[in-house]
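In: pasting a predicted model and its sequence here:
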Amino acid sequence: MKETTVFNILLIAWFALGVVVLIALFFIAAPYGRHVRKGWGYSVGSKLGWILMEAASPVVFAVCFFIGDIRLNAPTLIFLFLWEAHYIHRAFIYPFSLRGEARRMPLSVVSFGLMFNLVNAYLNGRWVFTLSGGYADSWLSDPRFIVGVLMFITGYVINRESDLALRDLRKPGESGYKISGHRLYRWVSSPNYLGEMTIWVGWALATWSLAGLVFAFWTVANLLPRARANHAWYRRTFPDYPPERKALLPGIW
């Protein structure tokens with residue numbers, strides 16, 4: 001069977017599974033972070049869990065780059081830089097920036113996250129560096145590329161700033177959760193998720209690919225229900241939680 005056939009079958013199956021996950025996560029909050037609870041089997045430290053989940057993504061994408069057979073040019077190298085900048089931080093820097101007590105993460109969650117990253121890195125890496133046939137130099141001036149890259153950078157900044165704001169709520173040695181009033185947190189409970197979604201919608205637009213579109217859909221399928229669960233958790237936990245604050249979209253939801 002040709003790789004393009006396998007690629008297309010995997011793409012369709014991956015999208016279908018994303019729909020199932022989207023529906024399921026509205027009823028079951030993934031058990032990590034503030035939603036961690038017993039009954040999900042063996043667990044590992046959260047730092048190790050993050051590394052195990054995320055490290056596959058920069059590695060697989062880099063392998064796809066090295067075995068790819070297209071001509072290297074500016075658009076291709078920009079895609080490589082954007083992907084690696086996000087995932088090297090997520091896999092090897094972010095876990096060590098976490099403060100608070102050492103939390104645990106179920107191995108089932110780690111395994112699912114690893115599968116998520118393996119499939120997405122393969123689909124996007126093989127598309128960008130081989131199956132697309134390459135992006136022409138003129139793609140640099142295409143509005144889809146320009147707007148997509150700007151969205152990626154904007155989402156990246158929002159995501160990093162929001163994560164740092166949560167981290168700075170705790171002094172070294174402290175644990176527990178507090179209410180942040182930093183920038184976008186004044187309007188929504190999960191601006192870090194809003195930033196993550198903006199990143200991958202921008203990626204889908206910049207690469208103009210079904211692989212990118214399915215990845216963006218999976219990001220929304222995973223984070224939209226979690227943003228809803230986080231918002232409800234804040235309201236239950238903090239009686240003085242700002243009533244005007246929305247879950248994910250300022251002034252809307």
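Out: Everything's here; your move.
In: so for the protein, the centremost residue is which one?
Out: The chain has Glu196 as the residue nearest its centroid, 5.2 Å off, counting by CA atoms, centre = their mean.
In: just the pLDDT for it.
Out: In this model, Glu196 is scored at 96, pLDDT.
In: run through the helices of the stretch 151-253 of the chain in chain order.
Out: Ranges of helices in the stretch 151-253 of the chain, per DSSP state H, counting those that start in this stretch, are 191-207, 210-237.
In: which of these sits most buried?
Out: Highest mean neighbour count of the helices of the stretch 151-253 of the chain: helix 191-207, a mean of 23 (counted as mean count of other CB atoms under 10 Å). In this view, the C-beta of every residue, glycine as well, is placed from N, C-alpha and C.
In: need the CA coordinates for it. PDB is fine.
Out: The C-alpha trace of helix 191-207 is given here as PDB (Å, rounded to 0.1, in the frame of the first residue of the first chain):
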ATOM      1  CA  PRO A 191      -6.300  32.300  28.100                       C
ATOM      2  CA  ASN A 192      -3.500  29.700  27.800                       C
ATOM      3  CA  TYR A 193      -5.900  27.400  26.000                       C
ATOM      4  CA  LEU A 194      -7.100  30.300  23.800                       C
ATOM      5  CA  GLY A 195      -3.500  30.900  22.800                       C
ATOM      6  CA  GLU A 196      -2.900  27.200  22.100                       C
ATOM      7  CA  MET A 197      -5.900  27.100  19.800                       C
ATOM      8  CA  THR A 198      -4.800  30.300  18.000                       C
ATOM      9  CA  ILE A 199      -1.400  28.700  17.400                       C
ATOM     10  CA  TRP A 200      -2.800  25.700  15.600                       C
ATOM     11  CA  VAL A 201      -5.500  27.400  13.700                       C
ATOM     12  CA  GLY A 202      -2.800  29.700  12.400                       C
ATOM     13  CA  TRP A 203      -0.700  26.600  11.500                       C
ATOM     14  CA  ALA A 204      -3.600  25.100   9.600                       C
ATOM     15  CA  LEU A 205      -4.000  28.400   7.600                       C
ATOM     16  CA  ALA A 206      -0.300  28.900   7.000                       C
ATOM     17  CA  THR A 207       0.300  25.300   5.800                       C
END
